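[1] Everything below, folded, please.
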Amino acid sequence: MSEIDYKKIASQPEFESLLKKRNKFILPITIFFIIATLIFPVLTGYTDILNNEAFGNISWAWIYALLLFVMVWTLVTVYMKRAKTFDKEADEIIRKYREGEYK
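    Numbering: from 1, shown residues only. Have a look, this model is predicted:
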């Protein structure tokens, strides 16, 4: 198996398109994750909003913390599914390179 010229592959429009699609997907979920995660310590440390009881002895802080876990698992699941399509596209680009379609 010959060595892969990654510079040649990186200059192909298909590869650039793949990077744009991946970045367009990753950037919003990363920003959402960071904001949702950082809001929790701000709300608990500097306000009393989450100190109120939601039901019984459970405050909104506990619900928010639980929802952070749910958010992480959901984002990981969505990312894993989407990453499979990115991997398939990357494999197709490498296949085309190996078959000599990129000059």
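
[2] Looking at this protein, which helix is longest?
    helix 60-98 (DSSP state H).

[3] What's the mean pLDDT across that helix?
    Mean pLDDT, helix 60-98: 94.

[4] Quick one: list the elements packing against it.
    Packing partners of helix 60-98 (3 or more Cβ pairs under 8 Å, 6 or more residues apart in numbering; DSSP states H and E): helix 6-10, helix 13-46, strand 53-55. For the C-beta atoms, the positions are set from N, CA and C on the backbone; glycine is no exception.

[5] hmm, try it at 6 Å
    Judged by 3 or more Cβ pairs under 6 Å, 6 or more residues apart in numbering; DSSP states H and E, the packing partners of helix 60-98 are helix 13-46.

[6] distance of the residue positioned nearest the centre of the chain from Leu18?
    Geometric centre of the chain, nearest residue: Ile26, 4.3 Å, by Cα atoms, centre = their mean. According to Cβ to Cβ, to the nearest Å, Ile26 stands 12 Å off from Leu18.

[7] How about Leu38?
    Computed as Cβ to Cβ, the Leu38 to Leu18 distance reads 30 Å.

[8] So between the two, which is more surrounded?
    The neighbour comparison of Leu38 against Leu18 (other Cβ atoms under 10 Å) goes to Leu18, with 17 against 10.

[9] The more buried one contacts Glu89, doesn't it?
    Yes. Using Cβ atoms under 6 Å, Leu18 makes contact with Glu89 at a distance of 5.1 Å.
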